[in-house]
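Trainee: sequence isn't available, so here's the structure alone:
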């Protein structure tokens, strides 16, 4: 695709996202989000994915949205919707940084762009997998920062989707377990223990990965 056309598309998406954020800013809180998604019926999942992607672009805490996805859709569909929304938002941020806002991203990244660029040059998609599993960089800023590296877009998307899965699954299930606890559902102890086990696994992953890399 012609670079100029791609830049126009990215610019259009950015302007549209800002406009949607202004119009629907009240949706980016837990209770309002839950109410609106519930009222949307069959369109609820698509609306949730769009809101998640928008929140990712605008530096909204992903953990809040992920917990809400688990509470709204359960552990299986919730994980899929959370992961899809996060990946779409991360991809849009990547494109914005690469084609429109490189100076702004470099300024906000506090001089760590070279570290990311070197990592990508040395390891390619494996470096993206590593930083998705090990939180060396804030998630929302990382999406923009990686846009300034030489990683291919396809590799970035696939590595992001696959290696964000453990964290998405853990926090989605935690949101689901919290909903079940609030509603007085069955097997609360088992669900609570499973949620804690998933969180413990995600917390242990960085140490395991660092050892394997060493």
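Mentor: It's in. Since the model is a prediction, treat every value here as computed from it, not as a measurement. Numbers count the residues shown, from 1 in each chain.
Trainee: assign a three-state SS to the residue nearest the centre of the chain, would you?
Mentor: Centroid check for the chain by C-alpha atoms, centre = their mean gives residue 86 as the closest residue, at 3.1 Å. Judged by DSSP: H, G, I helix; E, B strand; the rest coil, the three-state class of residue 86 is helix.
Trainee: you'd agree it is up against residue 57?
Mentor: No - using C-beta atoms under 8 Å, residue 86 makes no contact with residue 57, being 10.9 Å away. (Each C-beta comes from the backbone N, C-alpha and C, glycine too.)
Trainee: quick check: next helix or strand after the helix or strand of the chain with the lowest mean pLDDT?
Mentor: Every helix and strand of the chain was ranked by mean pLDDT, DSSP states H and E. The lowest is helix 3-23, at a mean of 53. Next helix or strand after helix 3-23 toward the C-terminus (DSSP states H and E): helix 30-39.
Trainee: give the buried residues for that following helix.
Mentor: Within helix 30-39, the residues scored as buried using 16 or more other C-beta atoms under 10 Å are 33, 36, 37.
Trainee: name the residues that touch that helix?
Mentor: When contacts are defined by C-beta atoms under 8 Å, 6 or more residues apart in numbering, helix 30-39 is touched by residues 26, 27, 44, 47, 48, 51, 64, 65, 67, 68, 71, 72.
Trainee: kindly report the same for stretch 135-152.
Mentor: Contacts of stretch 135-152 (C-beta under 8 Å, 6+ apart): 56, 59-60, 62, 89-90, 93-98, 101-102, 105-106, 108-109, 112-113, 116-117, 119-121, 124-125, 127-128, 131, 156, 206.
Trainee: write the ChimeraX selection for whichever of those are buried.
Mentor: To isolate the buried ones among the contacts of stretch 135-152 in ChimeraX, judged by 16+ other C-beta under 10 Å, type:
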select :56,60,62,89,90,93,94,95,96,97,98,101,105,106,109,113,116,117,119,120,124,125,127,128,131,156
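Trainee: what about the contacts of stretch 135-152, which are in helices?
Mentor: Among the contacts of stretch 135-152, the residues falling in helices (DSSP state H) are 56, 62, 89-90, 93-98, 102, 105-106, 108, 113, 116-117, 119-121, 125, 127-128, 131, 156, 206.
Trainee: CSV for the buried residues of helix 30-39, including pLDDT and distance to residue 175?
Mentor: Shown next, in CSV, are the buried residues of helix 30-39 (pLDDT from 0 to 100; distance: C-beta to C-beta, whole Å):
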residue, pLDDT, distance to residue 175
33, 71, 12
36, 77, 17
37, 82, 13
